[in-house]
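Novice: sequence? don't have it. structure:
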């Protein structure tokens, strides 16, 4: 793991549902990061509902969101890192049956001027988003890598 | 949603729910009687407290335990938090954009920033109650059968009271705002089912009452409400046995039913706000449900403030609940309507059977019937406009599929 060097105020939000298989990747990364992040970094887990997301990241100089995504075609475990200065989200709907997702949170945050100073999204392509607990091996195998990437962003 | 139009008339309307069953009732069997509050909270991310409360009450009923005093107040206070948060989310993020002609809250926020800020402040007030009493705002972890794992001190509730006092005028402004919307002229003729809690607006407990004059206890729920499978949907449909309007057994639960059967029990500011918004003693227009929800936000904040003001920390955070072989029943008013739980428990506390009847499935038949009449008056709309109109109509009921109706797959078969 990267050693924390320069503490800064930031929030890391793991988005996902631990009972929808690989959708739990975000919360799993947050669990790994517990106790490892620099002082001043808040760790949070969210269902991704936009008002909660905005509340979690508003006012933070840096927000890092870790989320599982659907790829077409999917390569389970493949990682993506996006610095979102523009809310251009890809096609496809959210996994949650409640329909509102990260794109809405970003749109709403921009409209209300409640975006963090910088937003970084770490995404992992999911292999299984059906009901049930437990990550697939492909996604479980990259959780530590994801956590290290988040720490790197926090400290760089 | 499937609409069959034949010879210029609506022949069939079906709301096909395709989400697979989640089998909660099945996997509750064999679990400990202490587990349903945590397990059933997972049924819904918007109204977990409703599931926890109905579950707790059913198990306490089976075990002969009863909450009173500050523990009962804390349970109602937590539920107020869920009402405030859920209703604020629906009013501002899902429903209001329909009336103002925006595709969603994001677009509405661009032009009505101060309005959406008000909605977020209300939702935040609801979340604050959930976090303080429930431990967190999603799927609270501080609820247990018999009460709570930890009861807050009055001093801990003081900042919450300050936030709620600040939210109260925002809630009253919300009623004025939504009361000024244009509402289609539409009436739902169905029987209405809601809880009744003498002397106060029903939230976390009560007995059942209908607009047709039926009154019964939670233990008699299944004598009056029958669920059945239908070929076109994974969601069960419910019938109110032998008492539906014009003999059809359809009925509606939720804000319209709650308000119509209990408007006389609203606390003063909520009652005043309702009157100023033009709501009479009853409300049967589903489009006006947004006004009722706004009034219920005022009600929940008023109630929360009253409960905090009178709060004294209980000696214990929970009453003792000892398992015994029995069946227990619990009902509460989820933001979307009556939520019923029944548990059959063995002497060692193992759950032998469970039954959960959520509000959305109870409303399915009424929603389909309303949509049928709604569509019949709009057959001249092209398919895109009709789809949008139906999305709005479905959102009136705030079903658990409410948000997903942005993605309503509408099939209109015109013959």
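Specialist: In hand now; what should we look at? What you are looking at is a predicted structure, and each value in this text was computed from that prediction instead of being measured.

Novice: which helix of chain A spans the most residues?
Specialist: Among the elements of chain A assigned as helix by DSSP state H, the one spanning the most residues is helix A:143-155.

Novice: Which neighbouring elements make contact with it?
Specialist: Here helix A:143-155 is seen to pack against strand A:10-15, helix A:25-33, strand A:62-69, strand A:79-83, strand A:118-125 when contacts are counted using 3 or more Cβ pairs under 8 Å, 6 or more residues apart in numbering or on different chains; DSSP states H and E. The way it works is simple: take the backbone N, C-alpha and C, and place the C-beta from them, glycine included.

Novice: now residue A:149: how far from residue A:121?
Specialist: Using Cβ to Cβ, to the nearest Å, one gets 11 Å for the distance from residue A:149 to residue A:121.

Novice: what's the overlap in contacts for those two?
Specialist: Shared contacts of residue A:149 and residue A:121, defined by Cβ atoms under 8 Å, 6 or more residues apart in numbering or on different chains, are found at residue A:81.

Novice: from the helices and strands packed on helix A:143-155, which stretch is densest packed?
Specialist: When you average the neighbours per residue for each of the helices and strands packed on helix A:143-155 (mean count of other Cβ atoms under 10 Å in any protein chain shown), strand A:10-15 leads with a mean of 26.

Novice: Now do it against helix A:25-33, angle only.
Specialist: Inter-element angle recorded for strand A:10-15 and helix A:25-33: 130 degrees (by axes from the mean of the first three to the mean of the last three Cα atoms, to 10 degrees).

Novice: isn't residue B:190 right next to residue B:366, touching?
Specialist: Yes: with the criterion set as Cβ atoms under 8 Å, residue B:190 and residue B:366 qualify as a contacting pair; they are 4.7 Å apart.

Novice: helices or strands up against the helix or strand of chain B with the lowest mean pLDDT?
Specialist: For chain B, counting by mean pLDDT, DSSP states H and E, strand B:233-240 ranks last in confidence among helices and strands (a mean of 80). With contacts taken as 3+ Cβ pairs under 8 Å, 6+ apart, strand B:233-240 sits against strand B:225-230, strand B:251-253, helix B:359-376.

Novice: mind showing which ranges of the stretch 101-250 of chain B have poor pLDDT?
Specialist: With pLDDT under 70 as the threshold, the stretch 101-250 of chain B has low-confidence stretches at B:242-247.

Novice: 90 instead?
Specialist: In the predicted model of the stretch 101-250 of chain B, residues B:103-107, B:110, B:135-140, B:226-250 satisfy pLDDT under 90.

Novice: any idea where the helices of it begin and end?
Specialist: Assigned helices in the stretch 101-250 of chain B, in chain order: B:105-111, B:113-134, B:154-179, B:221-224 (criterion: DSSP state H, counting those that start in this stretch).

Novice: among those, which is nearest residue B:61?
Specialist: Of all those, it is helix B:221-224 that lies closest to residue B:61, at 11.9 Å by Cβ to Cβ.

Novice: distance between that closest one and the chain's centre?
Specialist: Computed by Cα atoms, centre = their mean, to the nearest Å, the chain-centroid distance of helix B:221-224 equals 20 Å.

Novice: Residues touching that helix, excluding its own?
Specialist: The set of residues external to helix B:221-224 that reach it, using Cβ under 8 Å, 6+ apart, is B:208, B:214, B:216, B:240, B:241, B:243, B:329, B:331, B:340, B:342, B:355, B:357.

Novice: ok so, going back, can you lay out the helices and strands packed on helix A:143-155 as JSON lines showing distance to residue B:197 and mean pLDDT?
Specialist: Listed next are these as JSON lines, based on distance: least, Cβ to Cβ, whole Å; pLDDT from 0 to 100:
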{"stretch": "strand A:10-15", "distance to residue B:197": "38", "mean pLDDT": "96"}
{"stretch": "helix A:25-33", "distance to residue B:197": "38", "mean pLDDT": "96"}
{"stretch": "strand A:62-69", "distance to residue B:197": "42", "mean pLDDT": "94"}
{"stretch": "strand A:79-83", "distance to residue B:197": "50", "mean pLDDT": "92"}
{"stretch": "strand A:118-125", "distance to residue B:197": "45", "mean pLDDT": "94"}
